[in-house]
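1. Generate a structure from the sequence data that follows.
(chains A and B)
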Amino acid sequence: MEENNDVVLLRIKDVDMEFKIPALKFDTLKERVVNLFKRKKAPPKRLKVLENINCEIKKGESLGVIGHNGAGKSTLLKLVAGIYKPTKGEIELNGSVVLLNLGAGFDMEATAEENIYLNGAILGFSRKEMKKRFDSIIEFAELQDFVKMPLKNFSSGMISRLGFSIAIDIKPDLLLVDEVLSVGDANFQKKCIEKINNLKQQGVSFMFVSHNINQVKNLCEHTLWIENSKVTGYGPSKEICNKYIEYCNQKKI
Amino acid sequence: MTALKKWSKNRYVLHELIRKKIKTQYRNSILGIFWSILNPLLNMLIMWMVFSQFFGRNDPVYPIYLLTGNILFQSLRMATDGSLSSIVDNRGLITKVKIDNYLFPLSSTLASLVNFAFSLISLLVIMLCMQFIGGYTLYGYQIVSIILMMPAFLLFEYGISLFLSAVYVFCRDIKHIYSVFLTLWTYCTPIFYQIDRIDSSSILHKILKLNPMYYFLTYFRDAMYNCSYLGMGMPSWKILGLLYLFGLISIAIGAIFYNALKKKFLLYV
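-> Prediction:
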């Protein structure tokens, strides 16, 4: 692993993300036509979600992302996963990536079995390849009795288990974990943490969004703290997490 | 990602989406996909009874005339109407994973092709019955002619599907507008009547001949039975060329709309 340590897996450079949210959302033709004749038109609202983000992840390293709700953490992960394109800046990724958030890539009407194949296909695996992985995925998720059940009848914990199991079976170079562990029960969480540590030893990198600061401290070498769409702190996890806890405590008073 | 790798990934996704589409279509149904064979046959039977009893159409090929018209138009209806909400319906995927959005209308269009193939079986059954009774023979080149037509027909359907599914993201009215338009289109297409029986100098005749589906249906019927029944041989290459032209125009319009709108999908679905 020594020689791999300096290979940069992900580099985020001067990234800005801005959403142009239309002031009014038209769903019907009538609303559209009426608006056409209105004299004063509301300009589209510009919402800056991320501003000047810089960070990098080396191969085998993990990065924690912390901050308050709405700070832009999930948007950052979606940018890395390629769902959004940054308004400004560059994201350089040298490997495969899987975004894991609640219900990602699942069809709620389809069964767990169908969803494993669909999710696998989206991640670039054929049905044949997924068939080989099927048993170990179901086994890790402990969903043997629910293979033929539509996902809409699953609890959120079960859905996150399934997503996590597929992602770790596929072993991407970078796994983006967005708050999925917190819905699982204590036993499964423990199992996941063990698995994550195991995968880290095998060279898988993680980008970890969590409100569980201790988890971030234990699992990630570095931490990125985003507050109001800007980077407030970036560095070794211990240092940044302690600062964050301090900041939260101050805010309470 | 190289183009080849991207295509192989998209192929897997497409495969799963088509599978899912067909599965959900016949969920909790006993006969399942066999409805695709049975449905056109039953529809034909009803229409044939209505038109032979009420309007005195006693032409022996009339059942096949009805069946061909129904099958082809039903395929268009399924492909386009099924694609209409495909992008919006898959918002759970679009907003959470990286996926090419055109795969959704494409999978609906291709799923309708699978249905079409099954409906052709019902046609084949009728034709073999007629062959048994006499006066009709099925030749290999007829099958070839139909295969030649399919890419053009798929392009035509897919162009409309792309247009509808992209516009539907922003303007949900299109669903109702298109459903009315489909009714109009059904009656403007010679499914149960013959266009040649209308005075060829009339405006109506000229308008009806502007309908691309008229040419698709003419070719389909020529290939299916006119060519052997009337001893015409291979259906006309000129019409086939025209069909490809329609297909290309449709896909061009669909692609223009889709490409212009796709950047904003994420915020609107």
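
2. Moving along the chain from the least confident helix or strand in chain B by mean pLDDT, name the first helix or strand you hit.
-> Ranked by mean pLDDT, DSSP states H and E, the weakest helix or strand in chain B is helix B:227-229, scoring a mean of 68. Next along the chain after helix B:227-229, taking DSSP states H and E as the criterion, comes helix B:237-261.

3. contacting residues around that following helix?
-> Helix B:237-261 has contacts (Cβ atoms under 8 Å, 6 or more residues apart in numbering or on different chains) with B:102, B:148-149, B:151-163, B:165-167, B:169-170, B:212, B:215-216, B:218-219, B:222. All C-beta spots, glycine's among them, are computed from the backbone N, C-alpha and C.

4. Now go through the residues you listed and say which are in strands.
-> Residues of those located in strands (DSSP state E): none.

5. Okay, domains of chain A per the record?
-> A:1-11+A:55-96+A:172-253, A:107-171 (automatic domain parsing).

6. now those domains as TSV including mean neighbour count, distance to A:Asn35 and mean pLDDT?
-> Output for those, formatted as TSV (neighbours: other Cβ atoms under 10 Å in any protein chain shown; distance: least, Cβ to Cβ, whole Å; pLDDT from 0 to 100):
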stretch	mean neighbour count	distance to A:Asn35	mean pLDDT
domain A:1-11+A:55-96+A:172-253	17	26	87
domain A:107-171	18	34	91
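
7. still on that earlier bit, name only those of the contacts of helix B:237-261 that count as buried.
-> Among the contacts of helix B:237-261, those buried by neighbour count (16 or more other Cβ atoms under 10 Å in any protein chain shown) are B:102, B:148-149, B:152-163, B:165-167, B:169-170, B:212, B:215-216, B:218-219, B:222.

8. Now A:Ala110. Nearest residue, chain neighbours left out?
-> B:Lys20 (5.9 Å; Cβ to Cβ, 6 or more residues apart in numbering or on different chains).

9. go on, B:Met149?
-> Counting by Cβ to Cβ, 6+ apart, B:Met149 lies nearest to B:Tyr219, which is 5.7 Å off, once chain neighbours are set aside.

10. Quick one: residues contacting that neighbour.
-> If a contact means Cβ under 8 Å, 6+ apart, then B:Tyr219 has B:145, B:149, B:235-236, B:239-240, B:243 as its contacts.

11. could you redo the last one with a cut-off of 7 Å?
-> Residues near B:Tyr219 by Cβ atoms under 7 Å, 6 or more residues apart in numbering or on different chains: B:149, B:235, B:239-240, B:243.

12. What is the burial count for B:Ala79?
-> When neighbours are defined as other Cβ atoms under 10 Å in any protein chain shown, B:Ala79 has 25 of them.

13. That one is in what secondary structure piece?
-> Assigned by DSSP H and E, B:Ala79 belongs to helix B:62-84.

14. now check that helix, is it near chain A?
-> No - using Cβ under 7 Å from any Cβ of the partner chain, helix B:62-84 stays clear of chain A, coming no nearer than 14.8 Å.

15. just checking, what packs against that helix?
-> Applying 3 or more Cβ pairs under 7 Å, 6 or more residues apart in numbering or on different chains; DSSP states H and E, one finds that helix B:62-84 makes contact with helix B:35-54, helix B:103-133, helix B:140-170, helix B:174-188, helix B:212-221.

16. Distance from the chain centre to that helix, please.
-> The chain centroid and the centroid of helix B:62-84 are separated by 6 Å, computed with Cα atoms, centre = their mean, to the nearest Å.

17. For it, list the C-alpha coordinates in CSV.
-> This file holds the C-alpha atoms of helix B:62-84, laid out as CSV (Å, rounded to 0.1, in the frame of the first residue of the first chain):
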residue,chain,number,x,y,z
TYR,B,62,-61.1,-7.5,-43.5
PRO,B,63,-60.3,-9.2,-40.2
ILE,B,64,-56.6,-9.0,-41.1
TYR,B,65,-57.0,-5.4,-42.3
LEU,B,66,-58.4,-4.6,-38.8
LEU,B,67,-55.8,-6.6,-37.0
THR,B,68,-52.8,-5.0,-38.7
GLY,B,69,-54.2,-1.6,-38.2
ASN,B,70,-54.9,-2.2,-34.5
ILE,B,71,-51.5,-3.8,-33.7
LEU,B,72,-49.4,-1.1,-35.3
PHE,B,73,-51.4,1.8,-33.8
GLN,B,74,-51.5,0.1,-30.4
SER,B,75,-47.7,-0.2,-30.5
LEU,B,76,-47.4,3.5,-31.2
ARG,B,77,-49.8,4.3,-28.4
MET,B,78,-48.0,2.1,-25.9
ALA,B,79,-44.6,3.4,-26.8
THR,B,80,-45.4,7.1,-26.7
ASP,B,81,-48.1,7.2,-24.0
GLY,B,82,-45.9,4.9,-21.9
SER,B,83,-42.9,7.1,-22.3
LEU,B,84,-44.7,10.3,-21.5
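
18. following the strand or helix carrying A:Gly157, which helix or strand shows up next?
-> Counting by DSSP H and E, the element that carries A:Gly157 is helix A:156-170. Counting by DSSP H and E, the element after helix A:156-170 in chain order, helix or strand, is strand A:174-178.

19. returning to that earlier point: now the helix holding A:Gly157 - C-alpha only, PDB.
-> Extracted in PDB, the C-alpha atoms of helix A:156-170 (Å, rounded to 0.1, in the frame of the first residue of the first chain):
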ATOM      1  CA  SER A 156     -36.000   2.800   6.100                       C
ATOM      2  CA  GLY A 157     -33.400   0.700   8.000                       C
ATOM      3  CA  MET A 158     -33.900  -2.200   5.700                       C
ATOM      4  CA  ILE A 159     -33.500  -0.100   2.600                       C
ATOM      5  CA  SER A 160     -30.300   1.400   3.900                       C
ATOM      6  CA  ARG A 161     -29.000  -2.000   4.700                       C
ATOM      7  CA  LEU A 162     -29.700  -3.200   1.200                       C
ATOM      8  CA  GLY A 163     -28.000  -0.100  -0.300                       C
ATOM      9  CA  PHE A 164     -25.000  -0.500   1.900                       C
ATOM     10  CA  SER A 165     -24.600  -4.200   1.200                       C
ATOM     11  CA  ILE A 166     -24.700  -3.600  -2.600                       C
ATOM     12  CA  ALA A 167     -22.200  -0.800  -2.400                       C
ATOM     13  CA  ILE A 168     -19.600  -2.700  -0.200                       C
ATOM     14  CA  ASP A 169     -19.900  -5.800  -2.400                       C
ATOM     15  CA  ILE A 170     -19.100  -3.800  -5.500                       C
END
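
20. now for it, which elements pack on it?
-> strand A:97-100, helix A:112-122, helix A:127-141, helix A:186-201.

21. could you say what helices and strands the third one packs with?
-> Which is helix A:127-141. Using 3+ Cβ pairs under 7 Å, 6+ apart, helix A:127-141 is in contact with helix A:112-122, helix A:156-170.
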